[in-house]
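Colleague: Coordinates for the following, if possible.
(2 chains)
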There are 2 protein chains.
Amino acid sequence: MSLRVLAFDTFGTVVDWRTSITAELAAFGSSLGLQRDWAAMADDWRAGYPPAMDRVRRGELPWTKIDALHRMILVELLGKAGIDGVADEAVDHLNRAWHRLDPWPDAVRGLTRLKAKFTITTLSNGNFSLLTNMAKRAGLPWDCIVSAELFGHYKPDPEVYLGCADLLDVEPGELMLVAAHASDLRAAKAAGLMTAYVDRPLEYGEGRRRPSKIADGEFDYRAADFEDLADQLGDL
Amino acid sequence: MSLRVLAFDTFGTVVDWRTSITAELAAFGSSLGLQRDWAAMADDWRAGYPPAMDRVRRGELPWTKIDALHRMILVELLGKAGIDGVADEAVDHLNRAWHRLDPWPDAVRGLTRLKAKFTITTLSNGNFSLLTNMAKRAGLPWDCIVSAELFGHYKPDPEVYLGCADLLDVEPGELMLVAAHASDLRAAKAAGLMTAYVDRPLEYGEGRRRPSKIADGEFDYRAADFEDLADQLGDL
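Modeller: Numbers count the residues shown, from 1 in each chain, chains lettered A, B, ... in the order given. Prediction:
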């Protein structure tokens, strides 16, 4: 069995959500003359997202796109922060900050190298339009966009990993998930995929690295960034 | 309402299937020392595809990817041509000729211009891996790949046109189908999409143009090729 497709988690793995979201919240606040801890609000926004997806995964909510989940969380956070009376259009624009995330510095160059040898795709819980808009703005050179939305299941449900293999017409073992999060990689591995862990020590901010607790050899590859992964995979 | 996304039919509209398939059949025949009318076989292969899709559309077959429909037709055509005993791998390789179609001469340049102003996607009955492989080989600069396969419906079912709008989070009227076939465009128009007809007089071979019978003003745009469409849409 040979490796043919690389599928990338996006939030945190390809793009630096915290820096981008903090800046967008600060710009939003500035436009209203408000001062808050915008980095803390970015963290809270992100932290609200796994429980919201879990409500979909448990069937408490029907299928709901991440854009809509993000907006529910945002409205609640604005309320808690005492920020009221914001026009719907302004909330919508702020919510789409998740479409405008900047990539990590190595991402575009690393992906471009990896694309010469493999089919490269997103494999993200972000909705299809979010991922498409993000790629277009940031110049991410995907061969295609694959989203959990296509399967009506969120990661770590196995339907997402296996659905990606089926769409790209490869065996699960010919597909490798690249992610900065062990839980995602463990679910992919359980579904039969190959796995590559990429270290993103700044995902939660300077000096706020979360312990990863990855056993030696638990994943097929372990890389410092996408350029390192391209080196290890022997690109041209 | 403003135009935001251009969705392209592929076989015949973006790629010249007849020239590519004829050449692949001829190379296959040559490897076996066979002489046949390969262009006629290409035409028969293509002609077998709408009835095969219609069997899926009517529910006589469960959802079946185009790759599998193409293979069923190919096996039948090889039998009729008295070409027996071909190894499965050789049939598979020949069948994937549909992943290796060459674009019309204006396609890559026109798409690149249109991409500067719009999100550009496939909207094809070809399966997702076929469209992804075709784009990678031919350098088609899609922002994303959208296939009928994602909706479990083949064009001209409305689910395909409306499903594309939903995935890209635009209204049907903000999405324009670009196609060389009036039937596809009429179904898109009935679903509320904008429409652009592109003339491909060589699709069925030199001197074998099919009459198009398009009323004046029936579609929003009518273009000689993708460069002409980019001119008309006022790209940068």
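Colleague: Report the distance from stretch A:101-120 to the chain centre.
Modeller: 14 Å (C-alpha atoms, centre = their mean, to the nearest Å).
Colleague: how far is stretch A:188-204 from where the chain is centred?
Modeller: For stretch A:188-204 - counting by C-alpha atoms, centre = their mean - the centre lies 11 Å from the chain centre.
Colleague: oh sorry, the question was meant for stretch A:111-123
Modeller: The mean C-alpha position of stretch A:111-123 is separated from the chain mean by 16 Å, C-alpha atoms, centre = their mean.
Colleague: ok, is that stretch in contact with chain B or not?
Modeller: Yes: Stretch A:111-123 reaches chain B (C-beta under 8 Å from any C-beta of the partner chain) through A:119, A:121. Where you see a C-beta, it was placed from the backbone N, CA and C, and this is true even at glycine.
Colleague: then that stretch to CSV, C-alphas only?
Modeller: Taking C-alpha atoms only, stretch A:111-123 is exported to CSV below (Å, rounded to 0.1, in the frame of the first residue of the first chain):
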residue,chain,number,x,y,z
LEU,A,111,1.7,22.5,0.8
THR,A,112,3.0,23.6,-2.6
ARG,A,113,5.9,21.1,-2.2
LEU,A,114,3.7,18.3,-1.0
LYS,A,115,1.2,18.9,-3.8
ALA,A,116,3.9,18.0,-6.3
LYS,A,117,3.9,14.4,-5.1
PHE,A,118,0.5,13.9,-3.5
THR,A,119,-3.1,14.9,-3.8
ILE,A,120,-3.7,17.4,-1.0
THR,A,121,-7.1,18.2,0.5
THR,A,122,-8.7,19.7,3.5
LEU,A,123,-10.4,17.4,5.9
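Colleague: Show me what the mean pLDDT comes to for it.
Modeller: The average pLDDT for stretch A:111-123 rounds to 98.
Colleague: got it, and stretch A:87-106?
Modeller: 98.
Colleague: Tabulate the CA atom coordinates of the helix or strand bottoming out on mean pLDDT in chain A in CSV.
Modeller: Least confident helix or strand, chain A: helix A:49-57 with a mean of 94, by mean pLDDT, DSSP states H and E. Written as CSV, here are the backbone C-alpha positions of helix A:49-57 (Å, rounded to 0.1, in the frame of the first residue of the first chain):
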residue,chain,number,x,y,z
TYR,A,49,-17.1,24.9,19.3
PRO,A,50,-16.4,21.3,20.3
PRO,A,51,-19.4,21.2,22.7
ALA,A,52,-21.6,22.7,19.9
MET,A,53,-20.4,20.0,17.4
ASP,A,54,-21.0,17.4,20.1
ARG,A,55,-24.7,18.5,20.3
VAL,A,56,-24.9,17.7,16.5
ARG,A,57,-23.0,14.5,16.9
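Colleague: How is chain A divided into domains?
Modeller: A:5-16+A:102-232, A:17-99 (automatic domain parsing).
Colleague: Quick check: which of those domains is buried the most?
Modeller: Of all those, domain A:5-16+A:102-232 carries the top mean neighbour count, a mean of 20, counting by mean count of other C-beta atoms under 10 Å in any protein chain shown.
Colleague: So what would you say the end-to-end distance of that domain is?
Modeller: Domain A:5-16+A:102-232 has an end-to-end distance of 15 Å (criterion: C-alpha to C-alpha, to the nearest Å).
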